[in-house]
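>>> Provided below for reference: sequence and predicted model.
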Amino acid sequence: MQIKYSTKLGQKEVRTLKRLSEQSRIPQSKLLEEAIHLLEAQFANDVVTPEFRRIVDQTIQEDLPALKRLAQ
């Protein structure tokens, strides 16, 4: 079962996703699913780079006020 999900991406990532989708003729949603599976495998093998971890931590900190408001 699929559910609708919304998120924010940077302009560069959106352009890249659209370009990859057009070049491969694979829908953007399927490309994102594949990216999630690849990241899941990386986490399982603990091969996530420190830079990626830093970016994730920074993003969480930036979104923390909104997340706290949503939790209320």
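Ah, there it is.
>>> So which other helices or strands are in contact with the helix or strand containing Arg15?
For Arg15, the element it lies in under DSSP states H and E is helix 11-24. Helices and strands touching helix 11-24, by 3 or more Cβ pairs under 8 Å, 6 or more residues apart in numbering; DSSP states H and E, are helix 28-44. (C-beta placed from N, C-alpha, C; glycine too.)
>>> In the helix it packs on, which residues are buried?
Leu31 (16 or more other Cβ atoms under 10 Å).
>>> got a list of contacts for the helix or strand of the chain with the lowest mean pLDDT?
Between all helices and strands in the chain, the lowest mean by mean pLDDT, DSSP states H and E belongs to helix 50-71, at a mean of 84. With contact meaning Cβ atoms under 8 Å, 6 or more residues apart in numbering, helix 50-71 is reached by no other residue.
>>> ok now it, how far from the chain's centre?
13 Å (Cα atoms, centre = their mean, to the nearest Å).
>>> Just the CA atoms of that helix, as CSV, please.
C-alpha atoms of helix 50-71 as CSV (Å, rounded to 0.1, in the frame of the first residue of the first chain):
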residue,chain,number,x,y,z
PRO,A,50,30.5,11.7,8.5
GLU,A,51,29.5,14.5,6.1
PHE,A,52,26.1,13.0,5.5
ARG,A,53,25.6,12.5,9.3
ARG,A,54,26.5,16.2,9.8
ILE,A,55,24.0,17.3,7.2
VAL,A,56,21.2,15.2,8.7
ASP,A,57,22.0,16.5,12.2
GLN,A,58,22.0,20.1,10.9
THR,A,59,18.7,19.6,9.2
ILE,A,60,17.1,18.1,12.3
GLN,A,61,18.3,21.1,14.4
GLU,A,62,16.8,23.5,11.8
ASP,A,63,13.5,21.7,11.8
LEU,A,64,13.4,21.1,15.6
PRO,A,65,11.1,24.2,16.4
ALA,A,66,8.5,23.1,13.9
LEU,A,67,8.7,19.5,15.1
LYS,A,68,8.1,20.6,18.7
ARG,A,69,5.1,22.7,17.6
LEU,A,70,3.7,19.7,15.7
ALA,A,71,4.2,17.5,18.7
